[in-house]
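**Student:** I need the structure of the sequence given here:
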Amino acid sequence: CSRPLCHILLVPIPTFPGPHPSFSWSPSRLFPLLIPPFPAVKPRLDMELCPPQQNWTEGQQGILNCSAKGTPKLQVNCSKDGNFLTPGISHPINRAHAGTYLCRATNDLGTAERNVTVWVQCESGGPGLRGVFGVFGLLAPL
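**Tutor:** Sure thing, here's the model as predicted:
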């Protein structure tokens, strides 16, 4: 079985023609049927598990929060400008992390996608100058 924990059920095939079907238990008349132990579900990225807006602070550790629902097991990855950032793993944050990431959840049944925008609050270098970096660079002084 290609999927873990599948069950094999042998189903007898009735012999025909005849007024009443009869079942034969000979090996040539048994049909193997694979039954997965759980229903298969396409990947789904929802707002609760993969929020579309996330706020980080420069110089601290940040985690891109994005997980998905679905079975069999899913693989989730996120990228921005060709650079991958693994969801759920802590990273030291700088302003280059700001922007929109395309997150994809994939399993045998398909793929789900969601855009996630990361905002990075940072010190600007000068005394008392702070701002928030996002998709368009420095958006607002604080």
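**Student:** from here on, just use CA atoms for contacts and neighbour counts.
**Tutor:** Will do.
**Student:** next one: residue 91 from residue 108, what distance?
**Tutor:** According to Cα to Cα, to the nearest Å, residue 91 and residue 108 sit 29 Å apart.
**Student:** ignore the last one, residue 89
**Tutor:** 24 Å.
**Student:** swap in residue 54?
**Tutor:** Residue 54 is 29 Å from residue 108, by Cα to Cα.
**Student:** more neighbours, these two?
**Tutor:** residue 54 (16 against 13; other Cα atoms under 10 Å).
**Student:** hang on, that one packs against residue 121?
**Tutor:** No. The criterion here is Cα atoms under 8 Å, and residue 54 misses it with residue 121 at 11.0 Å.
**Student:** list residues touching both of the two?
**Tutor:** Both residue 54 and residue 121 lack any common contact, where contact means Cα atoms under 8 Å, 6 or more residues apart in numbering.
**Student:** quick check: longest strand of the chain.
**Tutor:** Looking across the chain with DSSP state E, the single longest strand is strand 110-123.
**Student:** what comes up buried for that one?
**Tutor:** Using 16 or more other Cα atoms under 10 Å as the test for burial, strand 110-123 gives 111-123.
**Student:** could these be laid out in CSV, adding pLDDT?
**Tutor:** Shown next, in CSV, are the buried residues of strand 110-123 (pLDDT from 0 to 100):
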residue, pLDDT
111, 98
112, 98
113, 98
114, 98
115, 98
116, 98
117, 98
118, 97
119, 97
120, 96
121, 96
122, 85
123, 73
